[in-house]
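Undergrad: quick one: sequence plus predicted model below, questions after.
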Amino acid sequence: MNKLLVATLAVLWAAPARSATYAIDPDHTSVMFTVRHLVGHVTGQFDKFTGSFDYEPGNPQLWKASATIDASSVDTRVAARDKHLRSDDFFDVGKYPVLSFVSTKVTAVKGDHAKLLGKLTILDTAKPIALDLEIGGLQKDANGIEHAAFTAKGRINRKDFGLTWNDTIETGGVLVGDDVDITIEVEGLRQK
């Protein structure tokens, strides 16, 4: 009996740790961006996306995330500008219909903050990106479904991904800034 107990404990001890998988809840998730326009800023978002993430509190080596964004769902609340963003001057949605992100590692975990490293792909150009991650926590809803929430923020240079269109203004400046600030508020539903 003792040998059986020891063998069972050895198997359990050797079993790899597993994290829970959460599907991104589009009703409670937003993918937003801000970019300079002349001397002000324009904000926008993408309205259609799918993805999932794995999360186990206290085990960042198990955390991972992936998402796909429908490029044609870009929305800056100005129809003419959104049409221009969908054109081959910017996202060229006919040729490159999706943007994607796949995580590679989580580092610098301190309390409810960490760095989420991964590859962002825009116009078929994949580049590494580091996002500041804030862990919102876990909570079950009235139906017993567990939710996990995170906020991720980062900055990219759009030219690194081939988004180079611009217009020079008569004072010598340019219409659109190069740096794009990204903010993602994500909530996921635990999968069985």
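TA: On my side now, so go ahead.
Undergrad: where does pLDDT dip in this protein?
TA: 1-18 (pLDDT under 70).
Undergrad: tell me where it has strands.
TA: Secondary structure of the chain by DSSP state E: the strands cover 20-24, 30-37, 40-46, 49-55, 64-70, 74-75, 98-110, 113-122, 125-140, 146-157, 176-190.
Undergrad: among the ones you listed, which comes closest to Asp92?
TA: strand 113-122 (10.1 Å; Cβ to Cβ). From N, CA and C alone the C-beta is placed, and that goes for glycine too.
Undergrad: centre of the chain versus the closest one, how much separation?
TA: Here strand 113-122 is found 7 Å from its chain centre; the criterion is Cα atoms, centre = their mean, to the nearest Å.
Undergrad: what residues are up against Phe101?
TA: Neighbouring residues of Phe101 by Cβ atoms under 8 Å, 6 or more residues apart in numbering: 51, 65-67, 69, 118-121, 129.
Undergrad: let me know the closest of these to Gly162.
TA: Nearest member of these to Gly162, counting by Cβ to Cβ, is Thr121, at 10.9 Å.
Undergrad: nearest residue to that closest one other than its sequence neighbours?
TA: Ser100 (4.6 Å; Cβ to Cβ, 6 or more residues apart in numbering).
Undergrad: redo the contacts of Phe101 as JSON lines? Include distance to Val109 and neighbour count.
TA: Shown next, in JSON lines, are the contacts of Phe101 (distance: Cβ to Cβ, whole Å; neighbours: other Cβ atoms under 10 Å):
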{"residue": "Gly51", "distance to Val109": "21", "neighbour count": "20"}
{"residue": "Ala65", "distance to Val109": "15", "neighbour count": "25"}
{"residue": "Ser66", "distance to Val109": "20", "neighbour count": "16"}
{"residue": "Ala67", "distance to Val109": "21", "neighbour count": "22"}
{"residue": "Ile69", "distance to Val109": "26", "neighbour count": "22"}
{"residue": "Gly118", "distance to Val109": "16", "neighbour count": "23"}
{"residue": "Lys119", "distance to Val109": "20", "neighbour count": "14"}
{"residue": "Leu120", "distance to Val109": "21", "neighbour count": "21"}
{"residue": "Thr121", "distance to Val109": "25", "neighbour count": "18"}
{"residue": "Ile129", "distance to Val109": "18", "neighbour count": "20"}
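Undergrad: of the strands of the chain, give the one that comes closest to Asn166.
TA: strand 176-190 (5.3 Å).
Undergrad: in its sheet, which strands sit next to that closest one, and in what direction?
TA: strand 20-24 (antiparallel), strand 30-37 (antiparallel), strand 146-157 (antiparallel) (DSSP bridges).
Undergrad: can you say which of those strands is nearest to Tyr55?
TA: strand 146-157 (5.3 Å).
Undergrad: alright, I will stop here.
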